[in-house]
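# Fold the following.
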Amino acid sequence: MIPVLPLFSARQSGVFSAPSQRAIICKDTIQKISCPPEHRIRVLNADFGDMGDVGCLKENNPMPVGFCRTPGTYEKVKKRCDGLEGCDLAASNDWFGNACPDANKYLDVNYDCVNNPGK
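The predicted model follows:
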């Protein structure tokens, strides 16, 4: 599991937040993204595929094959995690599809933690 790293800008819908969180989840693994108590996840961007800046290398395919993104990833992650304090995400072809069959895929999620509007 690769740790959550701070990130200083977001790419989705012109939303900018400093700092936001970044989770890199290698294919066929599950990782939880979370916020502190009384805060909720707001997904800023999500991609599943091989975006070229991070590698989840596999023994049977040690070299990246190039840039590839799976359509609909942001919408799926947003629907699953937005508004929750914590959310388990599985980086898998079963959930996102196999748009990049030879790629060393990973799920790249940018999110921030916002005050819980219900509190």
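# what's the longest strand in this structure?
Taking DSSP state E as the criterion, the chain has its longest strand at strand 39-50.
# list the helices and strands it packs on?
If you count contacts as 3 or more Cβ pairs under 8 Å, 6 or more residues apart in numbering; DSSP states H and E, strand 39-50 packs onto strand 68-69, helix 73-81, strand 86-91, strand 106-115. Every residue, glycine included, has its C-beta placed from N, CA and C.
# just checking, what packs against the first one?
To tie it back to what came earlier, the one meant is strand 68-69. If contacts are counted by 3+ Cβ pairs under 8 Å, 6+ apart, strand 68-69 sits against strand 39-50.
# what inclination does the strand it packs on have with respect to strand 106-115?
Strand 39-50 runs at 170 degrees relative to strand 106-115, counting by axes from the mean of the first three to the mean of the last three Cα atoms, to 10 degrees.
# Could you say which of the helices and strands packed on strand 39-50 is packed most deeply?
Highest mean neighbour count of the helices and strands packed on strand 39-50: strand 106-115, a mean of 21 (counted as mean count of other Cβ atoms under 10 Å).
# who's in contact with Val114?
By Cβ atoms under 8 Å, 6 or more residues apart in numbering, the residues touching Val114 are His39, Arg40, Arg42.
# again, 10 Å this time
Neighbouring residues of Val114 by Cβ atoms under 10 Å, 6 or more residues apart in numbering: Ser17, Cys35, His39, Arg40, Ile41, Arg42, Asp82, Gly83.
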